[in-house]
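Q: got a structure for you, letters missing:
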């Protein structure tokens with residue numbers, strides 16, 4: 001979208017996207033990095049486990065406490081240009097004036113792993129609505145203004161600067177929908193992977209090899225009809 005040209009990456013600062021197994025493998029294999037480099041195991045409070053266990057993948061790692069459930073999200077670090085705020089570890093940022101840009105102004109943010117970014121990031125701002133059984137696109141501007149309570153007044157966490165229109169979405173609508181549907185499938189599959197892992201939990205250092213095996217076996221080859 002043309003509006004994204006001047007984007008400072010507000011969504012990459014405000015949200016901590018959940019990672020599905022396929023996201024983790026794709027990033028590890030593309031960047032040749034360890035899973036621990038870009039993932040954070042986010043604790044799920046005991047009183048919420050029963051509410052989320054069939055909605056998001058949650059894991060037990062024996063080196064993190066056998067009674068603690070954890071969800072996997074993208075790691076964050078501190079912003080260079082918005083001190084005291086956090087951003088996705090893969091978000092690149094620079095100030096247009098320091099770069100001598102005559103076209104752009106202010107802080108600019110760009111995804112550093114755009115071609116292998118998580119499928120949830122590809123879908124944003126579309127999600128798959130389980131009840132409606134369809135993909136829905138929500139306007140980030142209205143989400144922030146109407147649904148979110150501002151946890152900070154920092155402009156780092158601002159989203160779109162105006163309401164979006166159908167014309168904004170139209171050229172990319174099918175991509176959003178396809179990614180939202182794919183994200184729903186990947187979420188459901190990763191929930192099943194989590195259930196299998198949690199029946200016989202292990203230390204976190206053995207998790208990636210477990211993922212490789214599970215995802216290597218998820219396509220059934222039928223040689224005879």
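A: Arrived safely. Note that this is a predicted model, so its numbers are computed, not measured.
Q: quick one, what contacts the residue nearest to residue 89 when sequence neighbours are not counted?
A: Closest residue in space to residue 89, ignoring its immediate chain neighbours: residue 75 at 4.6 Å, by CB to CB, 6 or more residues apart in numbering. C-beta here means a position set from N, CA and C on the backbone, and glycine is covered the same way. Contacts for residue 75 were tallied using CB atoms under 8 Å, 6 or more residues apart in numbering; they are 37-40, 88-89.
Q: tell me which residues of the helix ranked longest in the chain come out buried.
A: When secondary structure is assigned using DSSP state H, the longest helix within the chain turns out to be helix 173-199. Buried positions in helix 173-199, judged by neighbour count with 16 or more other CB atoms under 10 Å: 176-177, 179-184, 186-187, 189-191, 193-194, 197.
Q: how about the contacts made by the closest residue to residue 35 other than its chain neighbours?
A: In space, residue 35 comes closest to residue 208 once its chain neighbours are excluded; the distance is 4.8 Å by CB to CB, 6+ apart. Contacts for residue 208 (CB under 8 Å, 6+ apart) come out as 24, 28, 34-35.
Q: can I get the contacts of residue 75 in CSV including neighbour count?
A: As requested, the contacts of residue 75 are arranged in CSV below (neighbours: other CB atoms under 10 Å):
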residue, neighbour count
37, 11
38, 20
39, 21
40, 15
88, 26
89, 16
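Q: show me those that map onto strands.
A: Within the contacts of residue 75, residues falling in strands by DSSP state E are 39-40, 88.
Q: could you export those residues as TSV, including distance to residue 3 and pLDDT?
A: What follows is the ones in strands among the contacts of residue 75, written out as TSV (distance: CB to CB, whole Å; pLDDT from 0 to 100):
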residue	distance to residue 3	pLDDT
39	30	97
40	30	96
88	20	97
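Q: give me the phi and psi for the residue nearest to residue 89.
A: Here the main-chain torsion angles of residue 75 (degrees, to the nearest 10) amount to phi -70, psi 150.
Q: picking up where we left off before, for the longest helix of the chain, which helices and strands make contact with it?
A: Applying 3 or more CB pairs under 8 Å, 6 or more residues apart in numbering; DSSP states H and E, one finds that helix 173-199 contacts helix 21-31, helix 119-123, strand 126-129, strand 134-137, helix 207-216.
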